[in-house]
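> Okay, predicted coordinates and the sequence, questions at the end:
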Amino acid sequence: MSAPSTVRETGDHFLLFGLPRKLRIEMSALEKKFLELSWKLHPDKFVNASPAEQELSLKRSSELNDAYRALRDPVARVEYLLELEGMRKEGEHKQQAPPELLEEVFELNESLDELREAKASGDDLTSLKSRLESAEKNFQGKLSEVDAKLQETARQWDAAIDASASGTDPKGILVRLNELLNRRSYIRNLVANVQKELL
């Protein structure tokens, strides 16, 4: 049995699944295609193949799994699209506090420092924890707002693709998606830091 050519070095997860570069994907169709390709590529089907074909099968199967993971999660899908479009590279953008959140972030960091000091000195943590729980709830709300904006901007991207960019600015939409992802990541990290300290 020869190694499958179903998964090629396309470098494009969307192409691998036969999808346009859109951000709204029919999950049942994605899963069906994934299962179909998984069956064709499964290493067990290549037990009697040459070592090179077995290795290729493992590699293709791994690529398929990576592609499926990236496309099934809405946020990972946006990140992946931005990478494909040359708008996002790992570690390229240092996270910065969104300007309108600077004051809240400063207050949050002060509260976190106070909590750490109180923990170290054995002081009462009740009021500090209450303040941090309130801040966490506030930032969770901001995270939900960013997620809603991300979904709306994803719809704009898909509409621009459908319209073949007539009268739309796909590049501007990608810039906005990137800004939203950076904001989301920053806020998510803030929430994670608060949760860690509240344990």
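Received it, and whenever you're ready, just let me know what you need.
> in stretch 190-199, what counts as buried?
L190, V191, N193, V194, E197 (16 or more other CB atoms under 10 Å). (Glycine included, C-beta is placed from N, CA and C.)
> Need the residues that contact it.
105, 108, 112, 115-116, 129, 132-133, 135-136, 139-140, 143 (CB atoms under 8 Å, 6 or more residues apart in numbering).
> what two of those are the furthest from one another?
Put simply, by CB to CB the two of the contacts of stretch 190-199 set farthest apart are R116 and L143, 23.3 Å from each other.
> Near A52, how many residues? Count them for me, please.
Using other CB atoms under 10 Å, A52 is surrounded by 9 other residues.
> what about R116 and L143, which has more around it?
L143 (17 against 12).
> max-length helix in the chain?
Taking DSSP state H as the criterion, the chain has its longest helix at helix 126-162.
> Past that helix, which element shows up next along the chain?
helix 170-198 (DSSP states H and E).
> Now do that next one: distance to the chain's middle.
10 Å (CA atoms, centre = their mean, to the nearest Å).
> and it, what's its mean pLDDT?
Model confidence over helix 170-198 averages 91 on the pLDDT scale.
> for stretch 31-48, same thing?
Here the average pLDDT along stretch 31-48 is 87.
> Pull out the buried residues from it.
Buried residues in stretch 31-48 (16+ other CB under 10 Å): K33, F34, L37, K40, L41, P43, K45, F46.
> For those residues, give me JSON lines that also has distance to M87.
Listed next are the buried residues of stretch 31-48 as JSON lines, based on distance: CB to CB, whole Å:
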{"residue": "K33", "distance to M87": "26"}
{"residue": "F34", "distance to M87": "26"}
{"residue": "L37", "distance to M87": "27"}
{"residue": "K40", "distance to M87": "33"}
{"residue": "L41", "distance to M87": "30"}
{"residue": "P43", "distance to M87": "35"}
{"residue": "K45", "distance to M87": "38"}
{"residue": "F46", "distance to M87": "37"}
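> Show me these that map onto helices.
Using DSSP H, the buried residues of stretch 31-48 in helices are K33, F34, L37, K40, L41.
> Quickly name whichever of those is closest to A70.
Using CB to CB, these come closest to A70 at F34, 11.6 Å.
> ok, now how distant is the closest one from K40?
11 Å (CB to CB, to the nearest Å).
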